[in-house]
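Trainee: Structure for this input, please:
(one chain, ligands or ions: 1)
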Amino acid sequence: MHAQPRPETSSAVLIRGGRVIDPASGADHAADVLIRNGRVEAIGPDLDAPGAEVLDATGCLVTPGLIDPHVHLREPGFTHKEDIASGTGAAVAGGFTTVCCMPNTRPTIDVPEVVCWITDRAAATGCCRVFCVSAGTLGRKGVELADIDGCVAAGSVGISDDGDAIADPDIMQRVLERCAEHDRVFMQHCQDPAMTAGSVMHEGRVSRRLGLTGWPREAEETIVARDIDLARQTGARYHIQHISSAGTVELIRQARSEGLAVSGEASPHHLLLTDEAIERLGSAAKMNPPLREWPDVLALREGVADGTVTVLATDHAPHATDEKRNPMASAPFGIIGLETALALYAEALVHNGLIGWDRLIALMTIEPARLCNLDQQGLGSLTVGGPGDVTVIDPEREWVISPDDLKGKSVNTPFLGRAVRGRAVATVVGGRVAFRLEREAAVV
Ligand SMILES: [Zn+2]
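Mentor: Predicted coordinates for the structure are as follows:
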């Protein structure tokens, strides 16, 4: 099968003394986990395995490997920003064992040859599993359908023109029909281009004060509303990427109450920041869709808490420092997220009591696995016989986000200097310890 990391078949890994949480099965108990030959061999008390590499998980959560269904690895085409090796290095440092990469590479992931190229490249250079999300239209131009059939056959796990919405409803309908036929989710970047020409940030008090071109909530909500109708007509699974507005959360709530296969994802920045961050941080807080206002942040958190929003995704979007230094109007959109996401989600959702760690783990494992059909390969859960993908999380580890913590090529994040709590201390991918926080770094 595609996207397998190089397995370490000669050794075993024993994770001792942690609290094992597997939301897929409902398991939540103290146990050791033994991984051998790339798979979970045993879960239980007082396991022993002479010669195994031992990870001490005392005081830690032991969870299925985290899955991020929305990252930009920038390879091929933009390797000055990131590449598969550096992006997956950032992933395992953040506790992720699987990432799904978006198709806005050069060339675009719109033909099976590119899916295969990335899959092979990830097998050769990657630190974790990499799956492709391929484009709905050729070149993501929204005009002609991409080779969806071929890309799915080559291993594509979802379809998206991320970076752009498919604006033409007829094209969108045809893409959704292909998705339905292949049981692949369509992930929409909801941005009406007619409402966002030259837009830099959320349209509101702050944009007016700064004299910057605004981006209204309606630019997102109109695409969501249109697409929910198309999802109803086609029966396709439809997923809204990086939700930014309260109105979108409500549209998803209504669609789900109708029984439609509509889902959405929240990103760390939209759960924590508002457009006022632009005033303090400039282009470091420039992202697409833009940061909005406090009621939007609260609605998004409420959506996660009540089960409307079922997936968390970073939208890890690396850019070189000199690109982000450009004036606000011309600096690129996007921030990185893989290394910092877990702690930021915990701050936005767990430390304040909105949800428990067990639900947070579900939102980062079995839920994105089901979205992208990865559960069919056993990913997203932690069971005997399943893949040896495990994340060890210290929920109380306090740290301050610094450039030293960032393992990718880019450091574009508005969260530098933020004191946070909760961190992946070890990441096991296919039975291989792909990341382990060094002891010195563990001392607060
Ligand atoms: Zn996007």
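
Trainee: pLDDT at whatever residue of the stretch 151-300 of the chain ends up closest to the ion, what is it?
Mentor: Residue nearest to the ion within the stretch 151-300 of the chain (CB to the ion): His189, separated by 3.7 Å. All C-beta spots, glycine's among them, are computed from the backbone N, C-alpha and C. On pLDDT, His189 comes in at 98.

Trainee: Contacts only, for the residue lying closest to it once chain neighbours are set aside.
Mentor: Spatially, and ignoring its direct neighbours in sequence, His189 is nearest to Asp162 (4.7 Å; CB to CB, 6 or more residues apart in numbering). Residues in contact with Asp162, defined by CB atoms under 8 Å, 6 or more residues apart in numbering, are 70, 102-104, 133, 140, 187, 189, 241.

Trainee: Among these, which lie within strands?
Mentor: Assigned to strands by DSSP state E, the following of the contacts of Asp162 qualify: 70, 133, 187.

Trainee: Of those residues, which is the nearest to Leu349?
Mentor: His70 (17.5 Å; CB to CB).

Trainee: now the closest one: how far from the ion?
Mentor: Noted for His70: a distance of 8 Å to the ion, by CB to the ion, to the nearest Å.

Trainee: Now do the contacts for that residue.
Mentor: 100, 102, 133, 162, 187, 241-242, 265, 267, 313-316.

Trainee: switch to 7 Å and redo it
Mentor: Applying CB atoms under 7 Å, 6 or more residues apart in numbering, we find His70 in contact with 100, 102, 241, 265, 313-315.

Trainee: Put together a markdown table for those residues, with pLDDT and distance to Val433 on each row.
Mentor: A markdown table is the format used below for these (pLDDT from 0 to 100; distance: CB to CB, whole Å):
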| residue | pLDDT | distance to Val433 |
| --- | --- | --- |
| Cys100 | 98 | 23 |
| Met102 | 98 | 28 |
| Gln241 | 98 | 32 |
| Glu265 | 98 | 29 |
| Ala313 | 98 | 25 |
| Thr314 | 97 | 22 |
| Asp315 | 96 | 27 |
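
Trainee: now, the most widely separated pair of those residues?
Mentor: Met102 and Glu265 (12.5 Å).

Trainee: With neighbour numbers in mind, choose between the two.
Mentor: When Met102 is set against Glu265 and neighbours are counted by other CB atoms under 10 Å, the residue ahead is Met102, at 29 against 26.

Trainee: The more buried one reaches Cys132, doesn't it?
Mentor: No - counting by CB atoms under 7 Å, Met102 sits too far from Cys132 to count as a contact (8.8 Å).

Trainee: Help me confirm that the residue nearest to His189 is found in a strand?
Mentor: No - counting by DSSP: H, G, I helix; E, B strand; the rest coil, Asp162 is not part of a strand but coil.

Trainee: Domains in the protein, by residue range?
Mentor: Domain assignment for the chain, taken from automatic domain parsing, gives 12-62+386-442, 65-377.

Trainee: Would you mind finding the most buried of these?
Mentor: domain 65-377 (a mean of 21; mean count of other CB atoms under 10 Å).

Trainee: Report all helices and strands that the one helix or strand Glu396 maps to contacts.
Mentor: Under the criterion of DSSP states H and E, Glu396 resides in strand 390-400. Under the contact criterion of 3 or more CB pairs under 7 Å, 6 or more residues apart in numbering; DSSP states H and E, strand 390-400 touches strand 12-22, strand 61-64, strand 419-429.

Trainee: name the helices or strands packed onto the last one?
Mentor: Same thing as strand 419-429. helix 341-345, strand 390-400, strand 432-436.

Trainee: average pLDDT across the first one?
Mentor: Right, the one you point to is helix 341-345. 98.

Trainee: what's the following helix or strand after that helix?
Mentor: With elements assigned by DSSP H and E, the helix or strand that comes after helix 341-345 is helix 357-363.

Trainee: Contacts for that following helix next, please.
Mentor: 21, 23, 28, 61, 63, 310-312, 345-346, 349-350, 395.

Trainee: next SSE after it?
Mentor: Helix 357-363 is succeeded, C-terminally, by helix 366-371 (DSSP H and E).

Trainee: Could you give the backbone dihedrals for the residue of the stretch 301-444 of the chain at minimum distance from the ion?
Mentor: Sorted by distance to the ion under CB to the ion, the residues of the stretch 301-444 of the chain start with Asp315, at 6.1 Å. Backbone torsions of Asp315, given as degrees, to the nearest 10, read phi 60, psi 40.

Trainee: export the helices and strands packed on strand 419-429 to TSV and tack on distance to the ion?
Mentor: Putting those into TSV (distance: least, CB to the ion, whole Å) gives the following:
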stretch	distance to the ion
helix 341-345	16
strand 390-400	25
strand 432-436	26
